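[1] one predicted model, sequence on top.
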Amino acid sequence: MRTFVAVARHGSFSDAAAELGYTQSAVSQQIAALETDLGMPLLLRRPVAPTEAGARLLEHAGPLLMRIEAARADVLRTAAAPAHRLTLAATPLALNAMLAVRLARGRAAQPRLSVTVCTTGRAEVAGQVARGRAELGLADGITAPSDPLRLPDVGPLTTVGVAEEPLVVALPDDHPLAGRAGLRLADLVDARWLQTPLCPVERLRDLAGDGFRPGLAYTGDDVHTVLNLVAAGHGLTLLPASVGLGVPLAAPRLVHRVELLHGALPPGPAAELAAELAA
């Protein structure tokens, strides 16, 4: 399956062989075996491209390969010796001030522990933890109070809510609603909204109905850049109250939620740090 994905991605048997460290003959044999097993061609040969059946198989390939990696990592975690170096994968706004303090307490209690924090997207946080590339993960998002985040199904992970805080509507200082004590999303359905990883327009529609015209799309993770775009009139957005300057969101009741993700954690530094983050 991994060979099939590589050939389809490169559009070349030889390039896939170079990437995987196989001979071109070995790649051809693996593709032929997969096609024999399914009883139909999966790749056109000249030019190399997926057939209709191959395209459908590609839709399944990513999740299947992810679950295989997750299963391998899950099994290895149960037998791994406690390590004093670990990686914490986090979405850009997940490690808020409160959790940063908890992280500091956890490190102070384990002076030998070396922690590397890597920021990435929500789906990637779950994937890195499932694959064993990060021992712990912190993912954030907008949800109703106490409701879990919508995280991808990447394997048997434990998720624990570790922080919730109110949201504010970030808008320009000269906006007609900037002086309000609170705002309802229903009053802003006709506004133009920034499209950001934390506050995608599709999520607003899920929570409050139709409307919410998308404005400028920003794929980065710098809050100051988001605030500058809002101030310049490119669109509104929702931000956690601790980092955003804006008007409190009054309705519906929504929060910025952070969840801790991890796989099986035998006793040791990672388990102790996870307990501190979830305290």
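    Yes, it's here.

[2] so G215: helix, strand or coil?
    strand (DSSP: H, G, I helix; E, B strand; the rest coil).

[3] from what I see, it and A232 are in contact.
    No - when contacts are counted by C-beta atoms under 8 Å, G215 is not listed as touching A232 (10.8 Å). (Glycine included, C-beta is placed from N, CA and C.)

[4] who has more neighbours out of the two?
    G215 (19 against 10; other C-beta atoms under 10 Å).

[5] just give the closest residue to that one, not the sequence neighbours.
    Spatially, and ignoring its direct neighbours in sequence, G215 is nearest to G235 (3.1 Å; C-beta to C-beta, 6 or more residues apart in numbering).

[6] CA atoms of stretch 265-279 as CSV?
    Included here for stretch 265-279 are C-alpha records, laid out as CSV according to Å, rounded to 0.1, in the frame of the first residue of the first chain:
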residue,chain,number,x,y,z
LEU,A,265,1.8,5.9,29.2
PRO,A,266,3.7,3.5,31.4
PRO,A,267,5.0,5.0,34.7
GLY,A,268,7.7,7.5,34.0
PRO,A,269,8.4,11.1,33.0
ALA,A,270,5.8,11.3,30.3
ALA,A,271,3.1,10.0,32.6
GLU,A,272,4.1,12.4,35.4
LEU,A,273,4.1,15.4,33.0
ALA,A,274,0.7,14.4,31.6
ALA,A,275,-0.7,14.3,35.1
GLU,A,276,0.7,17.8,35.9
LEU,A,277,-0.8,19.2,32.6
ALA,A,278,-4.2,17.7,33.5
ALA,A,279,-4.1,18.7,37.2
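
[7] next one: it to chain centre, how far?
    With C-alpha atoms, centre = their mean, to the nearest Å as the basis, stretch 265-279 stands 21 Å off its chain's centre.

[8] got the contact list for it?
    Stretch 265-279 has contacts (C-beta atoms under 8 Å, 6 or more residues apart in numbering) with 77-78, 80, 82-84, 86, 99, 102-103, 105-107, 109-110, 112-113, 115, 135-136, 138, 160, 162, 260, 262.

[9] please enumerate the helices of the stretch 51-200 of the chain.
    Along the stretch 51-200 of the chain, the segments classed as helices by DSSP state H, counting those that start in this stretch run 52-79, 97-109, 122-131.

[10] buried deepest among the ones you listed, which one?
    Sort the helices of the stretch 51-200 of the chain by mean neighbour count, taking mean count of other C-beta atoms under 10 Å, and helix 122-131 sits at the top with a mean of 22.

[11] could you give the mean pLDDT of it?
    Mean pLDDT, taken over the full extent of helix 122-131, equals 91.

[12] count of residues packed around the closest residue to L185 other than its chain neighbours?
    Of all residues not flanking L185 in the chain, A208 sits nearest, at 4.1 Å (C-beta to C-beta, 6+ apart). Other residues within reach of A208, judged by other C-beta under 10 Å, total 17.

[13] A271 too?
    A271 has 16 neighbours, counted by other C-beta under 10 Å.

[14] distance of it from V160?
    Applying C-beta to C-beta, to the nearest Å, the value for A271 to V160 is 13 Å.
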